[in-house]
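1. Below: sequence and its predicted model.
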Amino acid sequence: MSQPWDYIAKIVSLGDSGCGKSSLTVRLCEGRFSPHHDVTIGVEFGSRIVSVGPPASLALGINNPSAKPSSPSDTTPTSTSKQQEQKHMKLSLWDTAGQETYKSITRSYFRGASGALLVFDITRRATFSSVTAWLHDLRQIAEDGIVVVLVGNKSDLAGSSLVAPSTGSQDPSASGKNERQVTIEEAEEWCQANEVMQYVETSAKSGEGVERAFLEVAERIYQNIEAGKYDLNDRRSGVKGPGAGGGNTARTVNLGMNDAARGKASGGGCC
């Protein structure tokens, strides 16, 4: 049986404790939400195979979104697009702890990552204030050119893009309860100022935006693969190509803390 993926990419989640990083991973990998989740100690792992590149990406408008039909006649697929083989990527997800106690451990897991979700809680401004320091740590340790997407989680607690009033009075323009403390505009401006590719809002509780956030990273990694920016045989790149793992049978590997430490000692590994 041939493997069901064309590439494997290592993606890390980072940010302050309690932002919902683990809940996002569980929602993507298992399709469920648990209101009570134990604090992550060190790092937790998950994986998910997603479609990357056309034709699937064209519907999302992520990969080459400017390539849109200019007239009704352009909507007819060409013989080339009909023959386009859909590519698949296995996301190896490393969910890191956000507590200061574990920072010396979790920073080591940034090495060898090709993508990152930088997560904050839109209802807690302090977590947004911390993302600059997290990004600095990531770029100090990870390979140059790592794909980073900023994720504002807990959008289900925000009725609009407005900040919840500090006076405690109800905002008449907001529908429902609004606990938002960081606006969409602020987050997007931060991305521009810090050369972060995209801002996506998510709700691990409802599932809204979760797949989009991970796909934004996966598609950009795929673009880099197509552009030849990775050495698929170099473990430090954070991406593996077909046959790089040795063998054609798909399998799932659960890594423990000791396994990851050994990978670090041997130069790091993506997956």
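-> Nice, thanks for sending it over. Residues are numbered from 1 along each chain as shown.

2. what helix or strand is Val12 on?
-> Here Val12, judged by DSSP states H and E, is contained in strand 7-14.

3. Give the other helices and strands that the following helix or strand past that strand contacts.
-> Remark: after strand 7-14, the chain's next helix or strand is helix 21-30, criterion DSSP H and E. Counting contacts by 3 or more Cβ pairs under 8 Å, 6 or more residues apart in numbering; DSSP states H and E, helix 21-30 packs against strand 7-14, strand 43-52, strand 87-96, strand 115-121, strand 147-153, helix 210-226. For every residue, glycine as well, the C-beta is placed using N, CA and C.

4. would JSON lines of these with distance to Ala193, mean neighbour count and mean pLDDT be doable?
-> Shown next, in JSON lines, are these (distance: least, Cβ to Cβ, whole Å; neighbours: other Cβ atoms under 10 Å; pLDDT from 0 to 100):
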{"stretch": "strand 7-14", "distance to Ala193": "19", "mean neighbour count": "27", "mean pLDDT": "94"}
{"stretch": "strand 43-52", "distance to Ala193": "28", "mean neighbour count": "19", "mean pLDDT": "89"}
{"stretch": "strand 87-96", "distance to Ala193": "24", "mean neighbour count": "23", "mean pLDDT": "93"}
{"stretch": "strand 115-121", "distance to Ala193": "14", "mean neighbour count": "26", "mean pLDDT": "97"}
{"stretch": "strand 147-153", "distance to Ala193": "11", "mean neighbour count": "27", "mean pLDDT": "97"}
{"stretch": "helix 210-226", "distance to Ala193": "19", "mean neighbour count": "22", "mean pLDDT": "95"}
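
5. okay if I get those as a markdown table plus distance to His136?
-> Putting the helices and strands packed on helix 21-30 into a markdown table (distance: least, Cβ to Cβ, whole Å) gives the following:
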| stretch | distance to His136 |
| --- | --- |
| strand 7-14 | 11 |
| strand 43-52 | 20 |
| strand 87-96 | 15 |
| strand 115-121 | 11 |
| strand 147-153 | 12 |
| helix 210-226 | 19 |
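
6. so which of those gets nearest Gln181?
-> Gln181 lies closest to strand 115-121 among these, at 8.6 Å (Cβ to Cβ).

7. who's Leu14 bridged to?
-> Bridge pairing for Leu14 (DSSP bridges) gives the partners Leu118.

8. Distance check, it against Val147.
-> According to Cβ to Cβ, to the nearest Å, Leu14 and Val147 sit 13 Å apart.

9. Now list whatever residues contact both of the two.
-> Residues touching both Leu14 and Val147 by Cβ atoms under 8 Å, 6 or more residues apart in numbering: Ala116.

10. quick one: least confident helix or strand in this structure?
-> helix 257-265 (a mean of 37; mean pLDDT, DSSP states H and E).

11. in terms of contact, does Glu201 touch Asp121 like I think?
-> No: at 11.2 Å, Glu201 and Asp121 do not qualify as touching, with contact defined as Cβ atoms under 8 Å.

12. How many residues are close by Gln86?
-> 12 (other Cβ atoms under 10 Å).

13. Please apply the same query to Glu30.
-> Neighbours of Glu30 using other Cβ under 10 Å come to 11.
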